[in-house]
Structures are given as structure tokens and as C-alpha cells.
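Undergrad: Sequence and predicted structure, then a few things I'm wondering about:
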Amino acid sequence: MVLARVIAFLSAHAQRLDVGDFDAWMAPFEEGATYQIVSAENLRLGMDMPLLLASSKNMIRDRILSLREANIYNIHVDHHVLGLPVIEEEGGAVLKVHTPIVVHQIDQDGVATLFCVGRYDDELVDEGESFAIRRREVVFENFGIRRLLATPV
């Protein structure tokens, strides 16, 4: 039952990014939420050096505002493909969830390229009807990122 709810939540959350609804994507983050993007290599080496770090929902809001009003980046559409999540801890109100991801980017000419392969390491707070995101760490397995990290992953 919990797994089905987690799958539905994560799928809808990724879909919001794919259609560019950043306000709806941001909504489930708690005010004190952490969102960061880090390479798997840095994690394996014990190096705490994220590529992007937002340590509050206000920082996430600023990132979206910058995306809309200040950033110049390659116009594209993202397409997220999620694997089945693994729930590490269950039974309490906070779930630790690991979800494999692949993200393709489609440019203005309709050409799709692989952007990232990795996973979401999430801490989700079960609120009954839905979940709140306390922490999301996006772990990139691919060594290099060929484009800017303009849009959230």
C-alpha cells in the first residue's frame, strides 16, 4: 500500500518537471527541506561537494525565480524515467526512498540526448493523503554533465 502511494507521488512529481510546472513541483518540499545534486563519485570518495545545494524551500524558490527571470540556458524539455523505488525504512512517518532515474533532454530541434543517469535519495514525510519532501539528494552516476543544470532534476 505504501509502495503504491510512493510510486504515484514520485511519478506525479517528475511529471511536473517534464511539463515545466515548477510551482507544483516545488509545493511538496517542506520549508526546511534540503535539495541537492551530487556526483556518485564524490559520495564514494567521501567528498561533500554538491553541484547544487538548496538548504531551504526559500532557496529552491530563488532557484526557480532565477530560472524564470535571469538565467540564459538551452531551451529544452526534460523527460524523466523512474525505476521502481526501494523503501529503506518503513513504519514511521519518515520514509527513506531510493529511486533510479534517467533524464533525457529534448532540444528545440526535437533531438533527444541522455542528460543523466542516477537516483533520487529522498526522505519523505507521510502525511496520509500525500507526502512532503524533507530531503532530496539527486545522485548523478554519469561522470560529466554535458549541459547546464538550469532546470531542476
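TA: Thanks, I have the structure now.
Undergrad: where along this structure do the strands fall?
TA: Shown for the chain, the strands assigned by DSSP state E span residues 29-39, 52-54, 76-82, 86-89, 94-107, 112-126, 131-140.
Undergrad: tell me the angle of the first one relative to strand 131-140?
TA: When you say that, I think you mean strand 29-39. 10 degrees (axes from the mean of the first three to the mean of the last three Cα atoms, to 10 degrees).
Undergrad: Just the buried residues of strand 29-39, please?
TA: 29, 33-39 (16 or more other Cβ atoms under 10 Å). Bear in mind the C-beta positions are built from the backbone N, C-alpha and C, glycine included.
Undergrad: of those, closest to Pro152?
TA: Out of the buried residues of strand 29-39, the one with the shortest distance to Pro152 is Tyr35. That distance is 7.6 Å, counting by Cβ to Cβ.
Undergrad: Remind me what the longest helix belonging to the chain packs against, helices and strands.
TA: Criterion DSSP state H: the longest helix present in the chain is helix 2-18. Secondary-structure packing of helix 2-18 (3 or more Cβ pairs under 8 Å, 6 or more residues apart in numbering; DSSP states H and E): helix 22-26, strand 76-82, strand 86-89, strand 94-107, strand 112-126, strand 131-140.
Undergrad: With mean pLDDT, mean neighbour count and distance to Val153 as added columns, please give these in a markdown table.
TA: Output for these, formatted as a markdown table (pLDDT from 0 to 100; neighbours: other Cβ atoms under 10 Å; distance: least, Cβ to Cβ, whole Å):
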| stretch | mean pLDDT | mean neighbour count | distance to Val153 |
| --- | --- | --- | --- |
| helix 22-26 | 96 | 16 | 11 |
| strand 76-82 | 93 | 17 | 8 |
| strand 86-89 | 88 | 13 | 19 |
| strand 94-107 | 95 | 18 | 6 |
| strand 112-126 | 95 | 18 | 6 |
| strand 131-140 | 97 | 21 | 5 |
